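>>> Test case, fold it:
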Amino acid sequence: MPERVTQALLAALAALVLVTACFLPARASADSVYRWVDGEGVIHISSEKPPAGVKAERIEVGGSGSKHSASGSGGASTSRSTATPAQVAEREEVLGSLRNRECVIALESLDRLTGGTRATSAPELHRLQQTADLNCSRDPARRRQQEDMAAKLRVANSAECVQARNRLAQMLAPAASVTREQLKAQQEFVATHCTAPVR
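Residues are numbered from 1 along each chain as shown. Now for the predicted structure:
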């Protein structure tokens, strides 16, 4: 009798573990990063899959470089994978790079929209602030770097830099008659002042 009870308990325990595993949130694939925009327009970047029903861009990490693909509804999956330390490091690098990009773009947009003369809606400012809050670093030194990059991005997007890049393109045209020194000076100006720190 005790042997039957033990077998029944073990069977019940195994069933409980199986059922519990089905309801646990699945970890994201060791080689994927997800990017999605929520209903309010806030940009999310994570190694975890987005909520069910949310369309996301899946960025595969590892192997011969990053691969981008659109994924359908998001949500949990039943497959679980174990990441190697190299995969974890590469995924974290990709996550950090993507978050940094979204942070810098959001900070630049916030600065431009709040410092400009163009009317801006409160929801747009709220969306940008949420995107910055989700993606910018909490480390004060790193955050200052991101703010400096946002300032450089604003200059790179300025009318002066658009004109400088257009002028350089004209100077590089086969029919242009400019000296080597003029071309070099224009290239240096664009490289120093008008190159976006993120794309």
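
>>> Could you point out the helix or strand that follows whatever helix or strand residue 142 lives in?
If you go by DSSP states H and E, residue 142 is part of helix 140-156. Next along the chain after helix 140-156, taking DSSP H and E as the criterion, comes helix 159-172.

>>> Let me know the average pLDDT across the helix holding residue 142.
Model confidence over helix 140-156 averages 94 on the pLDDT scale.

>>> Identify each buried residue in that helix, please.
Within helix 140-156, the residues scored as buried using 16 or more other CB atoms under 10 Å are 146, 147, 149, 150, 152, 153, 154, 156. Bear in mind the C-beta positions are built from the backbone N, C-alpha and C, glycine included.

>>> Surely the fourth one touches residue 101?
In other words, residue 150. No: Residue 150 sits out of contact with residue 101 when judged by CB atoms under 8 Å, with a separation of 11.0 Å.

>>> Count residues in the vicinity of the spatially closest residue to residue 189 that is not a sequence neighbour, would you?
When the adjacent residues along the chain are set aside, residue 189 lies closest to residue 164, with 5.8 Å between them (CB to CB, 6 or more residues apart in numbering). Residue neighbour count, defined by other CB atoms under 10 Å, stands at 18 for residue 164.

>>> from here on, count from 32
All right, first residue 32 from here; so that's residue 195.

>>> Find me the pLDDT at residue 195, would you?
The score at residue 195 is 95. That number is its pLDDT.

>>> got the contact list for it?
217, 220, 221, 224, 225 (CB atoms under 8 Å, 6 or more residues apart in numbering).

>>> This completes my enquiry, with thanks.
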